[in-house]
Each structure stands twice: as structure tokens, then as C-alpha cells.
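Student: structure for this input, please:
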Amino acid sequence: MEKKKSNGFKAFLERKDIVFSAKRYGIDALGAMAQGLFASLLIGTIIGTIGTQLNIEILVKISDFAKAVSGPAMAIAIGYALHCPPLVLFSLAAVGYAANACGGAGGPLAVLFVTIVAAELGKAVSKETKVDIIVTPLVTILSGALLSVYCAPFIGNAASAVGQAIMWATNQRPFIMGIVVSVIVGIALTLPISSAAICAALGLTGLAGGAALAGCCAQMVGFAVMSYKENKVGGLLAQGIGTSMLQMGNIVKNPKIWIPPILSSAICGPIATCVFKLEMNGEAVSSGMGTCGFVGQIGVYTGWVSDMAEGVKSAITAMDWIGLIAISIVIPAIITPLIALPLRKIGWIKENDLKLDL
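Tutor: Numbers count the residues shown, from 1 in each chain. Below you'll find the predicted structure:
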């Protein structure tokens, strides 16, 4: 009898497309959350920066609209990744707003956890009653709102505390933490998870944000330049301003091809923190974007503008630009192929190991 109930519950979950897995929540949902952030907070920040610099008031207003809906945008993106039916998906707008508002500085992580629970509960009751149009949004919004009020502040505070600890440690030990943060976030960028969402969830800015940006750029530019022989201009652009995640299939076949970009991250990180003192004072999500659409670099620039407006920074100097360009492009473009050279000679990296199907 017990086995029959178990099989029935399993069948129910399958019918509802509720899958408890690290991939579904840690890769699909997290990656979608980053896209929701990009389509609201990040793009709004870019529009606002342009509006402020060119003194175009309507762009500043549009920027405010876009940034205001970051919570709902994240939640709906997560719901889309979890294959939510329409009524659940639309109801998640309210859930995302509540979780982001209650989560404070760690709002994105609160949105992720709360939305997953609310979405799965909404899916569970969807189309199970004759008054679905009432029951489904009611369950989705009530569960999400209650979790937001009673749990989101703790989730947000925990995420914020971790992020603050990382940033404090980076300020205290910029060399060591420059390596650690750069390597870890860089690896996350190439893996099928979202480095941008991780940085956003932890609120990773300042010197630690600069190290994270350095690690991401080292992966993207490093793979792009290192594989130029195999992939030519198309591969250079696809990886350099797209994503180094394109190499994951090749990494699975030969993990040794990952050594040069990882070592490049380890070198670029402390150069960013100790030599150029590169800080990401724009939106935290930009710290995990690298050179993808040059969003990371735009984030650094918006941070400079913001610091100047607050009186923290007097001017944008030539050294600021030199540091940003060197860390983002020049240094990883030079050192990654140099590190790869001996690995090619000893046969660890063979011809076409980095070839992409473009």
C-alpha cells in the first residue's frame, strides 16, 4: 500500500513537471534569474547612464521604470525556466516583487528561493480544480508572499553577509582574495551556471567585484584568443563578447584546455586588486558578466559616474581606463595563449581540441 502511494506521488510530480534536481534549480532557474536581472535592472542602469551623461531626461525616467520591475522580471524568468503554466507564471510577478523588496540587499537570492517554492506549489494545484483561475494564483501569490515576509529577510541578510565578508576579506588581503574570487567566479562563468546571478545574489561589488570581473574576462577573452587558430573571427566574437560557456563540450572531452584560462584568471585577479585597484561600483550583476556585450565594462563605468555624483571620486583618470582595458582585454589576450603554448607542445592540448561548431 505504501509503495502504491509512493508511485502515485511520483506520477503526480511527473505529470506536473515538478523536478527536484540541482540542474533544474541550480542551473536552469539561476541562469534564468540572471536573464531577468539583465532585462530589467542591468539594462535600466545602462539606459540611465546614457541619459545622465547626455542629459536626456526621458531616458533617465525609462531607466527608473526598468529598474523598478527587477523583482518581477527575475521571478517570471525563473518561472519560465521551471515550465510554469500561464496562471502560475503571471502570478509570480507579485511574488518576485515581494521577495525582492523583503530580501533587501540580498534580494536576488531571496527571489530565487521564494519563487522556486511558490512556482512549484502553483504548478501542483494548477488545473486541479474547477475554479483554477482563482485557486492557482491564490496559492502561488499567498505562498510566495508569506515566504517573502517571513523568510526572505533572513535569506537576503545571509546572502548579504556572505557578500560583505568576501568584500571585506578582499580589501584586507587583496592579493590572495584577488586570486580566489577571480578564479571561482571565472570558472562559474564558463560552467553552465550563472556567474552574474551569483554576483548579484551576493551583492559582490567594490574590489571583490573588480576581481570577479577580471576572472570572467580572463575566461572569455582567454578562450577566444587561445582558440583563434581553430575558430577564427567567428569564434573570437562568439566567445569574446558572447560566452566562454561554448567551450564546455570541449572541456568535458579534454579538461586540460581549461588550465590556461584558469591560470590567467589567477594572474589577472591580483593585478586588478593590487596594481590597478579596479572596483566594480556599478550593479553587482555586472561583476559576473565579463566582456559579454561589454556589460562588465559598462558596469565599471557606471560605478565611476555614480562615485563622482556622490563625491567619492573626483574624476575618471587615464589610469582608470588603462586598468579597465588591460584587465578586461589586453592581459588575458596575451598571457592565456602563452600559457597554452607549452601545453600544446607537450600534447596536453591537441589540434582541434578547442574547435567549436559555429
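Student: drop to CA atoms for contacts and neighbour counts, all remaining ones
Tutor: Noted.
Student: can you pull the contacts of residue 34?
Tutor: Taking Cα atoms under 8 Å, 6 or more residues apart in numbering as the contact definition, residue 34 lies against 74, 194, 196-197, 285.
Student: switch the cut-off to 7 Å
Tutor: Residue 34 sits next to 194, 196-197 when contact means Cα atoms under 7 Å, 6 or more residues apart in numbering.
Student: closest one to residue 299 out of those residues, please.
Tutor: Nearest to residue 299 among the contacts of residue 34 is residue 196, at 12.0 Å by Cα to Cα.
Student: list the contacts of the one helix or strand that closest one maps to.
Tutor: Residue 196 is part of helix 195-202 when elements are defined by DSSP states H and E. The contact list for helix 195-202 (Cα under 7 Å, 6+ apart) reads 30-31, 33-34, 106-109, 159-160, 162-163, 185, 188-189, 284-289.
Student: swap in 6 Å and give it another go.
Tutor: 34, 106, 108-109, 159-160, 163, 185, 188-189, 284-285, 288-289 (Cα atoms under 6 Å, 6 or more residues apart in numbering).
Student: sorry, back to before: ok, the contacts of residue 34 vs residue 248, which is closest?
Tutor: Nearest to residue 248 among the contacts of residue 34, with distances taken as Cα to Cα, is residue 194, at 13.6 Å.
Student: three-state assignment of the closest residue in space to that closest one that isn't next to it in sequence?
Tutor: Distances taken as Cα to Cα, 6 or more residues apart in numbering place residue 31 nearest to residue 194, at 5.0 Å, with adjacent residues excluded. With DSSP: H, G, I helix; E, B strand; the rest coil as the basis, residue 31 sits in helix.
Student: 5 is where my numbering starts, stick with that
Tutor: Renumbered: residue one is now 5, and that last one reads residue 35.
Student: tell me the pLDDT at residue 35?
Tutor: pLDDT recorded at residue 35 is 86.
Student: what separates it from residue 14, distance-wise?
Tutor: Using Cα to Cα, to the nearest Å, residue 35 is found at 27 Å from residue 14.
Student: have a look at those two and say which one is more surrounded.
Tutor: residue 35 (22 against 14; other Cα atoms under 10 Å).
Student: about what we covered before: got the contacts of residue 38 as CSV, with neighbour count columns?
Tutor: Listed next are the contacts of residue 38 as CSV, based on neighbours: other Cα atoms under 10 Å:
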residue, neighbour count
198, 26
200, 30
201, 30
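Student: before we move on, back to that, which SSE is immediately downstream of the helix holding residue 200?
Tutor: helix 210-230.
Student: same for that next one, what does it pack against?
Tutor: With contacts taken as 3 or more Cα pairs under 6 Å, 6 or more residues apart in numbering; DSSP states H and E, helix 210-230 sits against helix 178-194, helix 232-244, helix 263-274, helix 335-349.
Student: residues contacting that helix, please?
Tutor: By Cα under 6 Å, 6+ apart, helix 210-230 touches 171, 174, 182, 185-187, 189-190, 240, 243-244, 248, 265, 268-269, 272-273, 282-285, 291-292, 294-295, 331-332, 336-337, 340-341.
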